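Asker: Based on what follows, work out the 3D shape:
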Amino acid sequence: MVVVFEDEFVVIHLRWLCPGKNGQSKISKVATSPVSSVLLPFAGGAITYTRFSLSGVSNMDLFAKDAMIHSLGASTCDLGYTLRIVPGTECLLIDAPAEGTYVLQVSMRQSQRLIWTFDLETRRACAVSSASVAATRDQLACRALGALCQDGSIEVLCQIAREHEFHFVRMEAIRSLFGMGYRNMLELLRERSQCDPHRHVQNACLQNLKLCEANQ
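Answerer: Residues are numbered from 1 along each chain as shown. Coordinates of the predicted model:
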């Protein structure tokens, strides 16, 4: 996915749906969308899709391994027509019929929420990722700072670990500091396990704190 336009209210992505063997798309996972969007097939013919509903989760901002998807049936979206993606507890499996099929995704607003990914074989949730383009960039910046392993990176990463608005980025900064062998890692883990505003960061820091203390 490549962002081709972005402002405060609208994000437009251009996607290429790559077919697998025998001209069929090789897709093993489906994901939710945190924003209201539309798909517009404009080359390569109609797009076949299957809608899925999500159950077993009460808060879309907290990952739950027990969450599962259930098929609502298959249909097609013809060339020149639009297919709406509903935010929240719905996701689509999209199958491009031939190489060269493109779709335009228009997100009607920016989102700091999560994209849930589900394994099609087990129908269970397998991962979550950031829906924010800016947050994704900041995650990559944390990894780069960790790879540089310079003294100046530590101060920046510590600030990000404590102050960034998105919990995925705070967690990435903590991972980068751990990989750098940050000497005050135990203190940071103890602090974030008690003070971070997001439950996932608290739990992850607490678990790693126990592991580090057990290995001392």
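Asker: Now for E213: which residues touch it?
Answerer: Neighbouring residues of E213 by CB atoms under 8 Å, 6 or more residues apart in numbering: L186. Just so you know, the C-beta spots here come from the backbone N, C-alpha and C atoms, and that holds for glycine as well.
Asker: and it, how far is that from A173?
Answerer: 21 Å (CB to CB, to the nearest Å).
Asker: for K65, same thing?
Answerer: As for K65, its distance to A173 is 25 Å (criterion: CB to CB).
Asker: Of the two, give the one with the bigger neighbour count.
Answerer: A173 (29 against 10; other CB atoms under 10 Å).
Asker: contacting residues for the more buried one?
Answerer: By CB under 8 Å, 6+ apart, A173 lies in contact with C142, L157, C158, I160, A161, H164.
Asker: can you rerun that using 7 Å?
Answerer: The neighbourhood of A173, defined by CB atoms under 7 Å, 6 or more residues apart in numbering, consists of C142, L157, I160, A161, H164.
Asker: I'd like to know which of the residues you listed are buried.
Answerer: Buried subset of the contacts of A173 (neighbour count, 16 or more other CB atoms under 10 Å): C142, L157, I160, A161, H164.
Asker: Max pairwise distance over the residues you listed: which two?
Answerer: Within the buried ones among the contacts of A173, L157 and H164 form the most distant pair, 10.2 Å apart (CB to CB).
Asker: gap between the spatially most central residue of the chain and F168?
Answerer: What sits nearest the mean C-alpha location of the chain, by CA atoms, centre = their mean, is S129, with 1.9 Å. Computed as CB to CB, the S129 to F168 distance reads 8 Å.
Asker: Also R84?
Answerer: Separation of R84 from F168 (CB to CB) stands at 27 Å.
Asker: do L186 as well
Answerer: Distance of L186 to F168, given as CB to CB: 23 Å.
Asker: and if you look at A64?
Answerer: In this view, A64 and F168 are 17 Å apart by CB to CB.
Asker: Who has more neighbours out of the two?
Answerer: Taking other CB under 10 Å, A64 and F168 do not tie; F168 has more neighbours (23 against 15).
Asker: Understood, closing this out.
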